[in-house]
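**Student:** Okay, here's the prediction I keep looking at, along with the sequence it came from:
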Amino acid sequence: MWRVLLLFVFYFSIELSATAQHIEDKLAKIAQQTDKGAIVLQLDKLLESETISIFQRIKILLLQSRTYLALSDLNKALIVIQQAKALTDKNNLPLQQAKVDKLMGIIFYYKGQYGQALLPYQNSLDYFLKQPFSAEIAIKQANLLNNIALVQGKQGDSLGALKSYQQAEPLYQRFGDEMDKIDIRYNLATLYISLRRYDIAISMLKEVLIKKRAINDDHGVAKASADIGVSYKYSGQYDKAEQHVLDALNYFQKHAHQFEAASQLQNLAEINYELSHLDKSYDYAIKGIELGEKTGHQMVHAGSLHTLAKILFHQGDINGARVNTKLSEKIAKKMGFQQLINENLGLMSLIHAADRKTIESLKAQLAYQAAHLKLSNETLNEKIAQFESDQLTQQVQSLQQSKKLQQLELTKAGQQRQFAVLGVAFVLVVLFFIYRRYLESRLTQDLEDRVKKRTNALEFLTKELQDANMIKSQFLANMSHEIRTPLTAVIGQSEAIIYGDFDDMSIIKEVEVIHNNSSVSYTHLRAHET
């Protein structure tokens, strides 16, 4: 029974794994397609499958939302990403939450809902700031800081935007590719446009345009061209402005980029208004309103309403101007688009004045002046100049350097590291030899001391042995003399007795002599023993 159950679980897990891989393969093939409409339909069908996991469902929803964004259908893109957001929050999936939050921020930004874009951007950034640092994580942080700066710039928080760019810039310089460095340069240029520093913006955008063309980024070329046109418009060079914006509009319309095309319609409406071509301006403004509303591009929608209000005011239609200004103001406040709010204040002041509502006119005018002074704050300009000189010099130089120069810098750095390593190694070798010489000297001295001590000990021992040998010789000489004398007498007396030189009476006396001499010898021996 247990074996059957284990086999069932085993084959079931294999089946699940195969199904999951099949879905991943299918999803990869769908993502490679160029027909965005077909992608959306196939993803809808894939979402109906009951075998997909939570992670796969979130991945599919992310791709579907990005596809709707590419189709300029911001409302559907937002609906889909909100479904993904609900899944990540319910299942507590931090990484997926960060990915979803980032895309949600992008969608809110394109919709012009800047206040709503800032929070998901910040939530996503908070997640990646807590992760172990790496090149990949650094780029994700830089991208989010860059997006946050774009939102802050649109909200009129120029100083906050500069600080965000200042945090992103070194990350791009260290870990980013050429495209990353170009993009942050481009975004800074658009910030300068909002700050009315058009000379700086045009110069930076021309650099970006050259770089975009070098890497064959036609879409980026069109966007940069459009912003150069906006800068020319604000600086009063209307002919150049119109040509750049028309070039961008033609590209976006040709490639069905309705979102960007809507922006150029509004720009052309503004350019023709300032040229007093009111009929052309009116046509562009109406088209901008329609396409902005269709794509969910609230900035274009509100901006075109403002342009239309100016045209109607110029034509004497005060009521029409008032209606469109209020509509524009409502959208701008919802977006948090401070620049357009300020422009509507100025226009409303004129409308009140035309209606002979002097008090309302004066209030609107004072509010407009206060907002205008805030934008032209001298302290902020000083900070901009300081940031540009201190923080962006390296970036500008990096964009102008060739790959060969970068390689030379890397080679130089490598050589410096090698020289440093060799220097350290040389010092270590010298220290080793000095220490070795010190050890040899110390060991030699120790050996000399030991030899000297050993020599002294041997000399002392030799002297002791010599003294002992002399005492031994003296002892033997004394013993020889003291024993030999009585023994001579004993031997002589014994031989006389043996050979019969004595009679019987004399033998006893001779034996006594022998005994006495033997006793003397014995006494001497005992004396030397003690």
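**Tutor:** Received the coordinates, thanks. Numbers count the residues shown, from 1 in each chain.
**Student:** OK, contacts around the most centrally placed residue in the chain?
**Tutor:** For the chain, A138 is the residue whose C-alpha lies nearest the centre (Cα atoms, centre = their mean; 3.5 Å). Listed by Cβ atoms under 8 Å, 6 or more residues apart in numbering, the contact set of A138 reads 171, 174-175. From N, CA and C alone the C-beta is placed, and that goes for glycine too.
**Student:** Local confidence estimate at it?
**Tutor:** We have a pLDDT of 92 for A138.
**Student:** circling back: would you format the contacts of A138 as JSON lines with distance to L205, neighbour count and secondary structure included?
**Tutor:** As requested, these are exported to JSON lines (distance: Cβ to Cβ, whole Å; neighbours: other Cβ atoms under 10 Å; DSSP: H, G, I helix; E, B strand; the rest coil):
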{"residue": "L171", "distance to L205": "23", "neighbour count": "21", "secondary structure": "helix"}
{"residue": "R174", "distance to L205": "25", "neighbour count": "11", "secondary structure": "helix"}
{"residue": "F175", "distance to L205": "25", "neighbour count": "16", "secondary structure": "helix"}
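**Student:** Quickly name whichever of those residues is closest to Q258.
**Tutor:** L171 (32.9 Å; Cβ to Cβ).
**Student:** where's the residue lying closest to that closest one once chain neighbours are set aside, which helix or strand?
**Tutor:** Computed as Cβ to Cβ, 6 or more residues apart in numbering, the closest residue to L171 that is not its neighbour in sequence is A142, at 3.8 Å. A142 belongs to helix 135-154 when elements are defined using DSSP states H and E.
**Student:** how about that helix: buried residues?
**Tutor:** 137-154 (16 or more other Cβ atoms under 10 Å).
**Student:** my read: K59 touches A28, true?
**Tutor:** No - contact status for K59 versus A28: not in contact, 10.5 Å apart, counting by Cβ atoms under 8 Å.
**Student:** the more surrounded of the two?
**Tutor:** K59 (19 against 9; other Cβ atoms under 10 Å).
**Student:** give the contact list for the more buried one.
**Tutor:** With contact taken as Cβ under 8 Å, 6+ apart, K59 is in contact with L27.
**Student:** ditto for A468
**Tutor:** Per Cβ under 8 Å, 6+ apart, neighbours of A468: none.
**Student:** Would you list the phi and psi of it?
**Tutor:** phi -60, psi -40 (degrees, to the nearest 10).
**Student:** What spatial separation is found between it and Q474?
**Tutor:** Per Cβ to Cβ, to the nearest Å, A468 is found 11 Å from Q474.
**Student:** go on, E136?
**Tutor:** From E136 to Q474 the distance is 102 Å (Cβ to Cβ).
**Student:** D89 too?
**Tutor:** In this view, D89 and Q474 are 117 Å apart by Cβ to Cβ.
**Student:** now swap in Y282 and tell me
**Tutor:** From Y282 to Q474 the distance is 149 Å (Cβ to Cβ).
**Student:** Wait, D73 touches T295, no?
**Tutor:** Yes - shown here, D73 and T295 form a contact pair, counting by Cβ under 8 Å, at 7.4 Å.
**Student:** Compare those two (neighbour count), which wins?
**Tutor:** T295 (24 against 20).
**Student:** surely that one meets H257?
**Tutor:** No - assessed by Cβ under 8 Å, T295 is found out of contact with H257, at 9.9 Å.
**Student:** Give the residues shared as contacts by those two.
**Tutor:** Common neighbours of T295 and H257 (criterion: Cβ under 8 Å, 6+ apart): S72.
**Student:** more crowded one of Y282 and Q474?
**Tutor:** Set Y282 next to Q474 and count neighbours by other Cβ under 10 Å: Y282 wins out with 18 against 10.
**Student:** How about the more buried one, nearest residue that isn't a chain neighbour?
**Tutor:** Per Cβ to Cβ, 6+ apart, closest to Y282 is I311, 5.3 Å.
**Student:** distance of G320 from K326?
**Tutor:** 11 Å.
**Student:** Can you add distance to D217 and give the contacts of A138 back as CSV?
**Tutor:** Formatted as CSV, the contacts of A138 follow (distance: Cβ to Cβ, whole Å):
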residue, distance to D217
L171, 21
R174, 23
F175, 20
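**Student:** can you list those residues in TSV and add distance to P486 and pLDDT?
**Tutor:** Listed next are those as TSV, based on distance: Cβ to Cβ, whole Å; pLDDT from 0 to 100:
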residue	distance to P486	pLDDT
L171	121	89
R174	117	87
F175	118	88
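**Student:** Nearest to L428 among these?
**Tutor:** R174 (31.6 Å).
**Student:** got the contact list for the closest one?
**Tutor:** Contacts of R174 (Cβ under 8 Å, 6+ apart): A138.
**Student:** and if we set it to 10 Å?
**Tutor:** Residues near R174 by Cβ atoms under 10 Å, 6 or more residues apart in numbering: 135, 138-139, 142.
**Student:** Looking at the residues you listed, which is nearest V451?
**Tutor:** A135 (66.0 Å).
**Student:** roughly how far apart are the closest one and N187?
**Tutor:** The value you get for A135 to N187, if Cβ to Cβ is used, is 21 Å.
**Student:** Equivalent analysis for K212, please.
**Tutor:** K212 is 13 Å from N187, by Cβ to Cβ.
**Student:** what about I210, neighbour count?
**Tutor:** Neighbours around I210, by other Cβ under 10 Å: 13.
**Student:** Which is the succeeding secondary structure element to the host helix or strand of it?
**Tutor:** Assigned by DSSP H and E, I210 belongs to helix 198-214. Downstream of helix 198-214, the next assigned helix or strand under DSSP H and E is helix 218-234.
**Student:** How far does that next one sit from its chain's centre?
**Tutor:** With Cα atoms, centre = their mean, to the nearest Å as the basis, helix 218-234 stands 32 Å off its chain's centre.
**Student:** orientation of that helix relative to helix 198-214 in degrees?
**Tutor:** 160 degrees (axes from the mean of the first three to the mean of the last three Cα atoms, to 10 degrees).
**Student:** I'd like to know which elements helix 218-234 is packed against.
**Tutor:** Under the contact definition 3 or more Cβ pairs under 10 Å, 6 or more residues apart in numbering; DSSP states H and E, helix 218-234 sits against helix 178-194, helix 198-214, helix 238-254, helix 258-274.
**Student:** Let me know the angle separating the first one from helix 218-234.
**Tutor:** Using the same axes, to 10 degrees, the inter-axis angle of helix 178-194 relative to helix 218-234 is 20 degrees.
**Student:** What's the mean pLDDT across helix 178-194?
**Tutor:** 83.
**Student:** again, but for the second one
**Tutor:** The predicted model gives helix 198-214 an average pLDDT of 89.
**Student:** Just checking the distance from it to the centre of its chain.
**Tutor:** Worked out by Cα atoms, centre = their mean, helix 198-214 lies 28 Å from the chain centre.
**Student:** Now do the buried residues in it.
**Tutor:** 198, 200-202, 204-205, 207-209, 211-212.
**Student:** and it, what does it pack onto?
**Tutor:** helix 178-194, helix 218-234, helix 238-254, helix 378-391, helix 393-400.
**Student:** same check, this time on the third one
**Tutor:** In terms of contact count using 3+ Cβ pairs under 10 Å, 6+ apart, helix 238-254 is assigned the packing partners helix 198-214, helix 218-234, helix 258-274, helix 278-295.
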